[in-house]
Structure formats: structure tokens, C-alpha cells
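[1] Below are the sequence and a predicted model; questions follow.
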Amino acid sequence: MNHTRKLRLGPLPKTESMKLTFVCPTSLKAELDRYAELHAQAYGEIVDALTLIPHMLEAFMAGDRGFKKG
């Protein structure tokens, strides 16, 4: 049986982008890779962690009430 999970980060929109580089702990990279696998299962589109990170950050900032008030 296919158990589709509903993830907080939904299907990805098509957007214009800019390249950034950052350093993260290996444990975070592993979690990002795991999230990417679950995202692919949930939405049927294979994406990697690097594709998801900008959308995760955007969702985080959109949900930050302190940032929105500022």
C-alpha cells in the first residue's frame, strides 16, 4: 500500500533563481536528503535537497510573525 504523506512544503512553484552557497552540518544534509526523498514520494517529482532549500527558507520566513511585523 502506498502511504502518501502530506508534507508542510507542498509542490514546488516555478521561479526565477540566483545561486548561493552555504555550509551546513552533515547531519542537516542527511535530513535534507531524507526530506527530498519523502517530497518526491508525496508529489511524484524527483527533487534534491538543493532544490528544496530555497522553498523551505521562503516558507519559514513567511511563517515568522516577528519578521512579518518588522
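    Nice, thanks for sending it over. Note that this is a predicted model, so its numbers are computed, not measured.

[2] What residues sit buried inside the helix ranked longest in the chain?
    Longest helix of the chain, by residue count under DSSP state H: helix 26-43. The neighbour-count check on helix 26-43 (16 or more other C-beta atoms under 10 Å) flags 32, 35-36, 39, 42 as buried. Where C-beta positions appear, they are placed from N, C-alpha and C, glycine not excepted.

[3] Then stretch 6-18?
    For stretch 6-18, a neighbour-count test (16+ other C-beta under 10 Å) marks Leu9 as buried.

[4] cool, stretch 46-66 as well?
    Across stretch 46-66, burial judged by 16+ other C-beta under 10 Å covers 47, 49, 52-53, 55.

[5] could you give me the average pLDDT of it?
    The average pLDDT for stretch 46-66 rounds to 91.

[6] Any chance you could list what contacts that stretch?
    8-9, 12-13, 17, 29, 32-33, 35-36, 39-40, 67-68 (C-beta atoms under 8 Å, 6 or more residues apart in numbering).
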